[in-house]
Structures are given as structure tokens and as C-alpha cells.
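# Provide a 3D model corresponding to the input given below.
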Amino acid sequence: MTDELRGLLRESAESHLPDRARMLARVERGTARPGAARRPRDRGRGRTRTLSWPRILLATLATAGTLTASALTVVAVVHTPEPPRNPTAAAPTATGRAAPQPDGSRTQDGPLWADGSVDPHSNSFWAQSNVTLKAGEPLTALVVELRIALTEGVKDTGSWRTRPAADFDLSTREEGGFLVYRWALKPGRTVPSGEHVFAGQYDHAAGGRDAKDDRYRIDAATGAAGHGAAVWGGFG
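Numbers count the residues shown, from 1 in each chain. Below is the predicted model of the structure:
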């Protein structure tokens, strides 16, 4: 509803509000007429009946009440708020982008178990972070996201996984202070039950690197009904 239309409705409502002073004056004039209270009522058929002043008052008040209710109805319509135009979006599923990384850890959820670790073959200039996944049932949807904090010298040098590369869409990007590796299972593909590893490889500044801020998250679905499971955590 536009502001112009609201204004027109409000003016219309105000124009129908009863004038209390004018109504009371009309009632007083009716009661002050000579002989008004003594005039006998004509009960004959086909002739107009004269109303006494109490009935005039009641009719006037009833009319005023009707007009007031109508005016309030119009004003209520004018001020009715419009519904929100931007409803909250639905949360992502396991087949879409992984949800934001929460704090703490949850390493098991139903048939899904995971662990994060720095590969023992890492050295003073290069490292590999492994996300190990164990599935108790075949997975019909899977998103694995590995986040490496952008400490000094961190730069992507590659990635790998124990499952066939053709089964996944892989993306690597820098986002919010992290180097992010993301593997998403392609529609129609499945991951069998068992143990699987997803790894990101990167250079870093000389010396030991602290992995305390690195994170991982896995979102998966199992079975035809697509029952969801999610696990997340850090790196020891």
C-alpha cells in the first residue's frame, strides 16, 4: 500500500468521525421544544410515528457508534504492517556448501566418525593435514571442508584423497584468514562404508608450524532417505 493511498484512507476515516458537540446540541433542541414531552403518540396505521427524545438519543448514539467503528476499521487497515519481504533462508544441506565451522569438536555422529591430524611426513618448510573419515554406512552425499589458518608463508601446493578424483568436485580458495580445501561428492555418486582420507598440502615459513587454529568439518547423508550427519574438529 503506497503512502498516498494511506493518506487518502486516513482522511476518509477522519471525515466520518462523529461531531459530538453537534449531536448533543440536536438532542437539546429536541427536548426544549414546547409540548414535545406532552405530544401524544399516534398509533394509527399508515402514519409516521414521532420518536420521543430518549429514542432520538439512542438512535443518535447507535449511529455514532457505527460511524466510529467504521472509522477505526479504516484506520486499522491503513496502519496494518506489511509482511517481511526477506524470509530467513533455509540452512544448507549435506549436498550443498558445508555449514560454518563451529568451535569445539564433535568427532562422531551416528555412522560418521572423523579425526584431524598433521601428517608425520611434514617438515620445517612443508606440511600435509589429513582428515580421516570412517563411514559405518554408504554415503549418498558428502562435503569435506579443511581450513588451514593463513600463518606466515602458508601457500597451497596440492591435495589428494583416497577416493577416485572423478567422484568429487574440488575447490581451493583463501577465505576469512584460511586456506580452504573443499571436496563435494558429485550427484549420483556414493562413498562406500569404510575408512577414507582427504588431505591438503601447503608450504609454510621455516620452522615448526602450530596447527591449533586449523579446522575441519564433514557433512554427509546416508541411505535413500538422506539422513544427515555432521562432524567437526581441529588438529593435534
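# Show me how the protein divides into domains.
Annotated domains of the chain cover 3-38+50-79, 108-233 [automatic domain parsing].
# Lowest average confidence across these, which one?
Among the domains of the chain, domain 3-38+50-79 has the lowest mean pLDDT, at a mean of 50.
# which non-adjacent residue is nearest residue 204?
Leaving aside its sequence neighbours, residue 204 sits nearest to residue 153 (Cβ to Cβ, 6 or more residues apart in numbering; 4.7 Å). Every C-beta, even on glycine, is put in place using the N, C-alpha and C of the backbone.
# okay, now residue 225: neighbour count?
8 (other Cβ atoms under 10 Å).
# Roughly how far does it sit from residue 167?
21 Å (Cβ to Cβ, to the nearest Å).
# can you check residue 110 too?
Residue 110 is 22 Å from residue 167, by Cβ to Cβ.
# likewise residue 193?
Residue 193 is 15 Å from residue 167, by Cβ to Cβ.
# Which residue ranges of the chain form helices?
3-15, 20-32, 53-79 (DSSP state H).
# Tell me where the protein has strands.
Counting by DSSP state E, one finds strands in the chain at the ranges 108-109, 112-118, 126-135, 139-149, 155-161, 168-175, 178-185, 194-203, 215-222, 227-233.
# Would you give the sheet partners of the shortest one, along with the direction of each?
Using DSSP bridges, the neighbouring strands of strand 108-109 in the sheet come out as strand 112-118 (antiparallel).
# Contacts for the partner strand, please.
For strand 112-118, contacts defined as Cβ atoms under 8 Å, 6 or more residues apart in numbering pick out 107-108, 127-136, 211, 214-216, 218, 220, 229-236.
# how does it look with 7 Å?
The list of residues contacting strand 112-118 from outside it, by Cβ atoms under 7 Å, 6 or more residues apart in numbering, reads 107, 127, 129-135, 211, 216, 218, 220, 229, 231, 233-236.
# cool, and stretch 170-188?
Residues contacting stretch 170-188 (Cβ under 7 Å, 6+ apart): 98, 141-150, 154, 156, 159, 161, 167-169, 191, 198, 200, 202.
# let's see 8 Å
So stretch 170-188 is contacted by 95, 98, 139, 141-150, 154-156, 159, 161, 167-169, 191, 198, 200, 202, 215 (Cβ under 8 Å, 6+ apart).
# Same question for stretch 144-158.
So stretch 144-158 is contacted by 98, 101, 126, 129, 131, 133, 172, 174, 177-183, 198-206, 209-211, 213-218 (Cβ under 8 Å, 6+ apart).
# now do 7 Å
Against stretch 144-158 from outside (Cβ under 7 Å, 6+ apart): 98, 101, 126, 129, 131, 172, 174, 177-183, 198, 200-205, 209, 213-218.
# hang on, the earlier thing: mean neighbour count added to the strands of the chain, as a markdown table?
Listed next are the strands of the chain as a markdown table, based on neighbours: other Cβ atoms under 10 Å:
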| stretch | mean neighbour count |
| --- | --- |
| strand 108-109 | 15 |
| strand 112-118 | 19 |
| strand 126-135 | 20 |
| strand 139-149 | 23 |
| strand 155-161 | 14 |
| strand 168-175 | 13 |
| strand 178-185 | 22 |
| strand 194-203 | 18 |
| strand 215-222 | 25 |
| strand 227-233 | 19 |
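# Many thanks, we can stop here.
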